[in-house]
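Undergrad: Quick one: sequence plus predicted model below, questions after.
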Amino acid sequence: MKRIYAVLIFVAILISAGLLFSAAGQNFSDQGAAHPAILLVSDTKVGESPVASIVGPSWIKHLGVTVLQTRMGQMGGSLPVAPASGDPATVSLKSVMQRFLPAFRSRPGESEGILSEKFAASGADLYRWNCQSCHGPEGKGAEPEINSILGPVQGTSAKLTRDRMEARGIEADDEMVTQMSELAAASLRDRLQHGGKKMPAFDYLRSDEVDALIGYLEKLAGVPATKRDGLIVQESAARIGEHMVRGTCHICHDATGPGAGMGQGTIPSLASIPRDHSLSGMVHQVQYGSCTTMKLTGGEVMPAYPYFSEEEIAAAYFVAYSGGKPGNRQ
């Protein structure tokens, strides 16, 4: 009976700490702000092509809210990607896109293979592409709407679980602590796989990507190092584009549908973006957000995402262009 009572108490602790966390600002810069270095395919425009495996309305439309009624998709932070970070994905992706862009213009038949080349990426990269826009760079979210992910991740640690229980005067043997931390770990993975009432599912993540992502979440949450610490995974430019489109863009953008004209107050669909916007224009829009004119004319404003590099934005752009085929479910 004592064991059952302790388990029930601990489950309540996990819930109060945010185990059942919901998903999901930024300062908007004017178009007159300092411009990023413009990528070369500045005049590229393409026909409508839906991103493969991305269907249906945006997540905020699914929830029945507008951009102004939620912080989802707007919590990414104001720090840009460091150009000399040494991150393996940042360095490798830059090299890939430098070869891809000229090939796309002159030898389009060869360009898809370049987008599919594999290189190493980290759990921190996966977090930026899929989680940061809602949970923020430190994982703290925007409570009460977007719960912190730190508590749920801390609940997966046997050491931190024991510390919590002892701080509350709950006696626990090793078996009990192990069972509780395993329960928290299973709940965390289930939430990533199936989502929740306000959190979308991330069922497109491979098992190795989930392990690397959780390894980074453990680091954010101050969990003692595990075998997942520092894991890297094999990604491609196309897969990076898919992560960004599914994990960030689809929060606000429908998969298919119309574009958005000035003052219409509608958010353009993912499929319409390559048709209506050049690559250089898309890079600027993503990194700097909506211009002052758009805000004044009543259109839906877009937050800035300075923590996405030009090459990452280009990868997302060409995934939309190609229908996502190169990176679909790699």
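TA: Received it, and whenever you're ready, just let me know what you need. It should be emphasised that the depicted structure is a prediction, and the values quoted were computed from it without experimental measurement.

Undergrad: Quick check: the residue lying closest to I149 once chain neighbours are set aside vs S133, distance?
TA: Excluding the flanking residues, the one nearest I149 by CB to CB, 6 or more residues apart in numbering is G139, at 4.6 Å. The C-beta positions use only the backbone N, C-alpha and C, and glycine is treated the same way. Taken as CB to CB, to the nearest Å, the spacing of G139 relative to S133 amounts to 12 Å.

Undergrad: Burial check on the closest residue to A142 other than its chain neighbours, number of neighbours?
TA: Leaving aside its sequence neighbours, A142 sits nearest to R71 (CB to CB, 6+ apart; 4.2 Å). Taking other CB atoms under 10 Å as the neighbour definition, R71 ends up with a count of 19.

Undergrad: For the residue nearest to I149, give me the pLDDT.
TA: Per-residue confidence at G139 stands at 96 (pLDDT).

Undergrad: Regarding it, which helix or strand does it belong to?
TA: Taking DSSP states H and E as the criterion, G139 maps to no regular element, lying outside all helices and strands.

Undergrad: quick one, what contacts it?
TA: Taking CB atoms under 8 Å, 6 or more residues apart in numbering as the contact definition, G139 lies against C131, S148, I149, L150, V153, L217, L220, A221.

Undergrad: Repeat the analysis, applying 7 Å as the threshold.
TA: G139 sits next to S148, I149, L150, L217, L220, A221 when contact means CB atoms under 7 Å, 6 or more residues apart in numbering.

Undergrad: repeat for S92
TA: By CB under 7 Å, 6+ apart, the residues touching S92 are F119, A120.

Undergrad: Which secondary structure state is assigned to it?
TA: helix (DSSP: H, G, I helix; E, B strand; the rest coil).

Undergrad: Which pLDDT value belongs to it?
TA: 90.

Undergrad: do the one 5 residues further on as well
TA: Predicted confidence (pLDDT) at M97: the value is 93.

Undergrad: Give the helix, strand or coil label for it.
TA: Look at M97: counting by three-state DSSP, its state is helix.

Undergrad: I'd like the distance between it and E182.
TA: 41 Å.

Undergrad: And these two? Which one has more around it.
TA: For M97 versus E182, the count of surrounding residues by other CB under 10 Å is larger for M97: 24 against 13.

Undergrad: My read is that that one contacts A314, right?
TA: Yes: applying CB atoms under 7 Å, one finds M97 in contact with A314, separated by 5.4 Å.

Undergrad: Which strand or helix spans the residue lying closest to D211 once chain neighbours are set aside?
TA: Leaving aside its chain neighbours, D211 sits nearest to R228 (5.3 Å; criterion: CB to CB, 6+ apart). Assigned by DSSP H and E, R228 falls within no helix or strand.

Undergrad: Any idea how many residues pack against D190?
TA: Neighbours of D190 (other CB under 10 Å): 11.

Undergrad: Give me the helices and strands touching the host helix or strand of it, please.
TA: Element membership for D190, per DSSP H and E: helix 174-194. Helix 174-194 sits against helix 2-17, helix 150-154, helix 158-167, with contacts defined as 3 or more CB pairs under 7 Å, 6 or more residues apart in numbering; DSSP states H and E.

Undergrad: immediately after that helix, which helix or strand?
TA: Scanning forward in sequence from helix 174-194, with DSSP H and E defining helices and strands, the next element found is helix 207-220.

Undergrad: and the angle for the helix holding D190 with helix 207-220?
TA: For the pair helix 174-194 and helix 207-220, the angle between their directions (axes from the mean of the first three to the mean of the last three CA atoms, to 10 degrees) equals 120 degrees.

Undergrad: gap between helix 174-194 and the chain center?
TA: Per CA atoms, centre = their mean, to the nearest Å, the displacement of helix 174-194 from the mean C-alpha position of its chain is 23 Å.

Undergrad: what do you get for stretch 220-235?
TA: Put simply, stretch 220-235 sits 17 Å off its chain's centre (CA atoms, centre = their mean).

Undergrad: just stretch 159-170 next, same as before
TA: Chain-centre distance of stretch 159-170: 32 Å, with CA atoms, centre = their mean.

Undergrad: do stretch 107-116 as well
TA: Using CA atoms, centre = their mean, the mean C-alpha position of stretch 107-116 is found 25 Å from that of the whole chain.

Undergrad: Check the helices and strands packed on helix 174-194 for me: which has the lowest mean pLDDT.
TA: Of all these, helix 2-17 carries the lowest average pLDDT, namely a mean of 47.

Undergrad: where along the stretch 1-150 of the chain do the strands fall?
TA: Counting by DSSP state E, counting those that start in this stretch, the segments of the stretch 1-150 of the chain that form strands are 118-122.

Undergrad: Which residue, neighbours along the chain excluded, lies closest to R162?
TA: Closest residue in space to R162, ignoring its immediate chain neighbours: V177 at 4.9 Å, by CB to CB, 6+ apart.

Undergrad: so what's the one you found up against?
TA: Taking CB under 7 Å, 6+ apart, we find V177 in contact with A158, T161, R162.

Undergrad: Look at the second one and say how many residues are nearby.
TA: By that I understand T161. T161 has 25 neighbours, counted by other CB under 10 Å.
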